[in-house]
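J.: quick one, structure for this:
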Amino acid sequence: LQARANQLNARMEGEAKVALDEIEKALIRPIARTSYACVLKCYDDAGKSAPQEQIEHCSRQCQAPYQMAHNVVNQEVGQFQNRLGRSMASCQDEASAMITPQVQKDARKMKKVEETLLRCISKTVDDQVKALGPMRQRIEAQLKQLPK
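T.: Residues are numbered from 1 along each chain as shown. Alright, predicted model coming up:
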């Protein structure tokens, strides 16, 4: 049971990592580059005469889209993790509800409980992996709406 659960967990983590890496490389990095280029321009425009407050204000404005992009990603990832957690808890609840004192004494019946739990977890992982595509689409749509 534990080995199969670990396999499913590793699959979920791997798929999520791939999706988040793609989001970071394709969507976040260009925003980061633009933000940093903008900050550099703040310093170039300020030269040696502008006050520090002006440079800081300019820098904050440049970094705002990058910060907003990170907030969008963090919010989506948080919602994804919440859905995953609720689904896993539901699997645990389903398995726990099957356990009675008689079931606990019967190895064959306990094996059925474990199989039910694994089927549920496996379906949850499949569903959540499928949800990574729509999550990316939502992130991409929100990032396109950010101020440049």
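J.: show me what whichever helix or strand residue 109 is part of is packed up against.
T.: Assigned by DSSP states H and E, residue 109 belongs to helix 107-144. Packed against helix 107-144, as judged by 3 or more Cβ pairs under 8 Å, 6 or more residues apart in numbering; DSSP states H and E, are the following elements: helix 2-23, helix 52-98, helix 101-105. C-beta coordinates here come from the backbone N, C-alpha and C atoms, glycine included.
J.: of those helices, which approaches residue 32 most closely?
T.: For these, the distance to residue 32 is smallest for helix 52-98, at 5.4 Å, taking Cβ to Cβ.
J.: pull the distance from the closest one to the chain's centre.
T.: 7 Å (Cα atoms, centre = their mean, to the nearest Å).
J.: okay, the angle between it and helix 107-144?
T.: Counting by axes from the mean of the first three to the mean of the last three Cα atoms, to 10 degrees, helix 52-98 lies at 160 degrees to helix 107-144.
J.: quick one: average pLDDT of helix 52-98?
T.: The average pLDDT for helix 52-98 rounds to 96.
J.: ok, now stretch 138-148?
T.: 90.
J.: put the alpha carbons of it into CSV.
T.: Presented in CSV, the C-alpha positions along stretch 138-148 are these (Å, rounded to 0.1, in the frame of the first residue of the first chain):
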residue,chain,number,x,y,z
ARG,A,138,-6.0,30.2,-16.5
ILE,A,139,-2.5,31.4,-15.5
GLU,A,140,-1.7,32.3,-19.1
ALA,A,141,-4.9,34.2,-19.5
GLN,A,142,-4.4,36.1,-16.3
LEU,A,143,-0.8,37.0,-17.1
LYS,A,144,-1.9,38.4,-20.5
GLN,A,145,-4.2,40.8,-18.7
LEU,A,146,-1.4,42.2,-16.5
PRO,A,147,-0.1,45.7,-17.2
LYS,A,148,3.1,45.7,-19.2
